[in-house]
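Asker: My questions concern the predicted model and sequence given below.
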Amino acid sequence: TANKSLLILPGDGIGPEVMRQVRRVIDWMAKRRSVSFDVTEGLVGGAAYEAHGTPLKDETMADALSADAVLLGAVGGPKWDQLPYDKRPERGLLRLRKEMDLFANLRPAVVYPGLVDASALKPELVRDLDILIVRELTGGVYFGEPRGITTLPDGQRRGVNTQVYTTNEIIRVAKVAFELARKRQSRLHSVEKANVMESGVLWREEVQKLHDSDYTDVQLEHMYADNCAMQLVRQPKQFDVIVTDNLFGDILSDCAAMLTGSLGMLPSASFGAPDASGRRKAMYEPVHGSAPDIAGRDVANPLATILSFAMMLRYSFDMDEDADLIEKAVKTVLASGIRTGDIMGPNTARVSCSTMGETLVRELDKMAA
Ligand code: NAD
Ligand code: IPM
Ligand code: MN
């Protein structure tokens with residue numbers, strides 16, 4: 001059979017630094033597990049803008065559409081913050097998500113045993129925590145029309161964005177969430193602000209209808225987004241799966257990240273609808289951004305990106321065994337006290353981004369021996 005084709009888009013800031021550590025894992029797999037990928041590397045974000053004057057070339061978009069999977073680092077940085085909206089690095093990422101139709105973004109927040117002390121919350125609140133946020137990724141206020149900045153007759157400027165959801169957009173992401181909940185603890189929280197937004201009212205009604213027709217075995221609760229943010233830090237273990245819109249999902253997943261110790265720990269996977277052969281287009285990326293404040297110093301935590309790669313093995317290539325191996329190696333390395341700066345705790349040793357990558361591969365070597 002043909003090789004697995006993988007498009008790697010390192011992007012900006014710490015993106016290339018963390019992606020180098022994924023490359024170590026890929027090289028290790030080729031050498032020790034006889035697994036090879038056809039890897040193409042491309043530019044996205046500020047890096048693409050510098051080279052080509054656009055945050056995503058059409059050729060790169062086409063590569064993404066034809067690859068079996070896409071792995072992205074991060075985009076953005078202060079250097080490009082003043083660019084017109086269409087040239088901004090973030091637009092490259094949003095285009096990828098939109099044109100690949102990746103409407104379901106899975107953001108698992110799992111607390112590794114070794115990191116219980118690195119969490120911002122008390123150990124008993126986060127020990128064994130395992131939450132899955134399913135974020136709608138191609139709709140809502142990120143893409144709604146009208147949008148833009150205009151100047152009013154009196155000289156004031158006016159910025160507009162539109163929160164909009166259709167029944168189909170809600171139902172397709174809710175289905176994904178119900179199906180995933182079924183494979184876990186069968187508990188789903190649907191999060192919106194139906195108390196102030198019509199799109200939230202529609203969201204709540206459609207999710208409830210879907211539950212009543214197809215998923216009565218899943219325990220469904222509706223929750224307002226502001227309360228959800230509070231509940232996540234008050235009693236995070238009450239949650240199993242959370243399904244929510246594009247913007248609330250963005251915010252709540254950064255919040256959930258801190259339960260696990262660091263934003264540098266959270267991977268993600270984004271899926272489109274299944275095609276005729278049942279395969280879904282997919283892109284994998286860490287939840288964090290380009291971290292301009294620490295970029296270029298080889299101190300970033302590469303684990304979110306490495307764990308995103310593991311999700312890719314699991315979901316796009318059915319390589320559960322290899323994904324398990326990587327996740328176990330992460331667990332062992334963390335338990336041994338080896339840490340990047342963002343997840344330091346008592347009795348831990350601080351290592352660089354590349355040393356974390358090296359240590360992980362050495363652990364993989366030991367485990368596979
Ligand atoms: P950020 O996620 O880049 O950083 C937030 C904080 O978390 C920073 O203090 C950073 O140092 C820390 N951090 C993030 N990832 C880390 C890691 N792997 N290891 C250690 N520490 C880590 O968010 P921001 O500062 O708000 O945004 C910076 C830029 O990144 C912006 O241009 C933003 O648009 C972009 N961004 C991109 C993505 C993406 O590409 N998916 C996601 C979020 C933000
Ligand atoms: C994320 C990021 C992106 C988002 C930005 C960079 C467009 O914050 O993936 O969480 O808001 O979706
Ligand atoms: Mn975000």
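Answerer: Great, that's in hand. Ligands and ions are numbered 1, 2, ... in the order given.
Asker: Skipping its backbone neighbours, what lies nearest the most centrally placed residue in the chain in space?
Answerer: Residue closest to the mean C-alpha point of the chain, counted by C-alpha atoms, centre = their mean, is S268 at 2.8 Å. Spatial nearest neighbour of S268, excluding adjacent residues (C-beta to C-beta, 6 or more residues apart in numbering): R107 at 4.7 Å. In this view, the C-beta of every residue, glycine as well, is placed from N, C-alpha and C.
Asker: Any idea how far apart the tips of stretch 65-83 sit?
Answerer: End-to-end distance for stretch 65-83, by C-alpha to C-alpha, to the nearest Å: 27 Å.
Asker: Which pLDDT value belongs to the residue nearest to S268?
Answerer: Looking at R107, its pLDDT stands at 98.
Asker: Repeat that for the one 3 residues further on.
Answerer: We have a pLDDT of 97 for V110.
Asker: Next: N347.
Answerer: Value for N347, per-residue pLDDT: 89.
Asker: now the closest residue to it other than its chain neighbours: how far from E327?
Answerer: Nearest residue to N347, sequence neighbours excluded (C-beta to C-beta, 6+ apart): G337, at 5.8 Å. G337 sits 18 Å away from E327, going by C-beta to C-beta, to the nearest Å.
Asker: With L232 instead?
Answerer: 23 Å.
Asker: okay but K57 is in contact with A48, surely?
Answerer: Yes - if you go by C-beta atoms under 8 Å, K57 and A48 touch, sitting 6.4 Å apart.
Asker: thinking again about what came up before, doesn't the residue nearest to S268 lie inside a strand?
Answerer: Yes - applying DSSP: H, G, I helix; E, B strand; the rest coil, one finds R107 inside a strand.
Asker: got the contact list for it?
Answerer: 132-135, 249, 253, 256, 266-268, 287 (C-beta atoms under 8 Å, 6 or more residues apart in numbering).
Asker: so who does V160 touch?
Answerer: V160 makes contact with 146-150, according to C-beta under 8 Å, 6+ apart.
Asker: Mark which of these are part of helices, please.
Answerer: Judged by DSSP state H, helices contain none of the contacts of V160.
Asker: Same list, the residues you listed, but as TSV with distance to G76 please.
Answerer: Listed next are the contacts of V160 as TSV, based on distance: C-beta to C-beta, whole Å:
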residue	distance to G76
P146	25
R147	19
G148	20
I149	19
T150	25
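Asker: Quickly name whichever of those residues is closest to ligand 2.
Answerer: R147 (14.3 Å; C-beta to the nearest ligand atom).
Asker: Pull the contacting residues for that closest one.
Answerer: Contacts of R147 (C-beta under 8 Å, 6+ apart): 160-162.
Asker: let's see 10 Å
Answerer: Contact analysis of R147 by C-beta atoms under 10 Å, 6 or more residues apart in numbering lists 85, 141, 159-162.
Asker: hey, where'd the strands end up in the protein?
Answerer: Under the criterion DSSP state E, the chain carries strands at the ranges 4-11, 37-41, 69-74, 104-110, 130-136, 148-151, 157-160, 187-192, 219-224, 241-244, 269-274, 280-284, 338-339, 349-350.
Asker: Return the set of buried residues in the fifth one.
Answerer: So that's strand 130-136. Buried residues in strand 130-136, defined by neighbour count with 16 or more other C-beta atoms under 10 Å: 131-136.
Asker: cool, and the fourth one?
Answerer: Of all the residues in strand 104-110, those buried under the rule 16+ other C-beta under 10 Å are 104-110.
Asker: I figured D320 hits M312, correct?
Answerer: No - in this structure D320 lies outside contact range of M312 using C-beta atoms under 10 Å: 11.9 Å.
Asker: what's around P267, how many residues?
Answerer: Residues contacting P267 under the criterion other C-beta atoms under 10 Å number 25.
Asker: For it, give me the backbone phi and psi.
Answerer: Dihedral angles of P267 (phi, psi; degrees, to the nearest 10) stand at phi -90, psi 170.
Asker: Can you give me every residue that contacts it?
Answerer: Per C-beta under 10 Å, 6+ apart, neighbours of P267: 106-110, 284-288, 303-312, 327.
Asker: filter those down to the ones near ligand 2?
Answerer: V287 (C-beta under 6 Å from any ligand atom).
Asker: Which of the contacts of P267 fall within helices?
Answerer: 303-312, 327.
Asker: Output the residues you listed as CSV; include the columns pLDDT, neighbour count and distance to ligand 1.
Answerer: Below are the ones in helices among the contacts of P267 laid out as CSV (pLDDT from 0 to 100; neighbours: other C-beta atoms under 10 Å; distance: C-beta to the nearest ligand atom, whole Å):
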residue, pLDDT, neighbour count, distance to ligand 1
L303, 98, 32, 8
A304, 98, 24, 6
T305, 98, 31, 8
I306, 98, 25, 10
L307, 98, 23, 11
S308, 98, 23, 11
F309, 98, 28, 14
A310, 98, 26, 16
M311, 98, 23, 15
M312, 98, 25, 16
E327, 98, 19, 17
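Asker: Looking at the stretch 51-200 of the chain, what residue ends up closest to ligand 1?
Answerer: Taking C-beta to the nearest ligand atom, the stretch 51-200 of the chain has G76 as its residue nearest ligand 1, at 2.3 Å.
Asker: Against D12, how distant is that residue?
Answerer: From G76 to D12 the distance is 6 Å (C-beta to C-beta).
Asker: Do a quick rundown of the helices in the chain.
Answerer: Assigned by DSSP H, the chain shows helices spanning 15-32, 46-52, 58-66, 89-99, 123-126, 167-182, 198-214, 225-234, 246-259, 303-317, 320-335, 353-368.
Asker: Help me confirm that E124 comes into contact with K237.
Answerer: Yes - in this structure, E124 is within contact of K237 by C-beta under 10 Å, at 9.5 Å.
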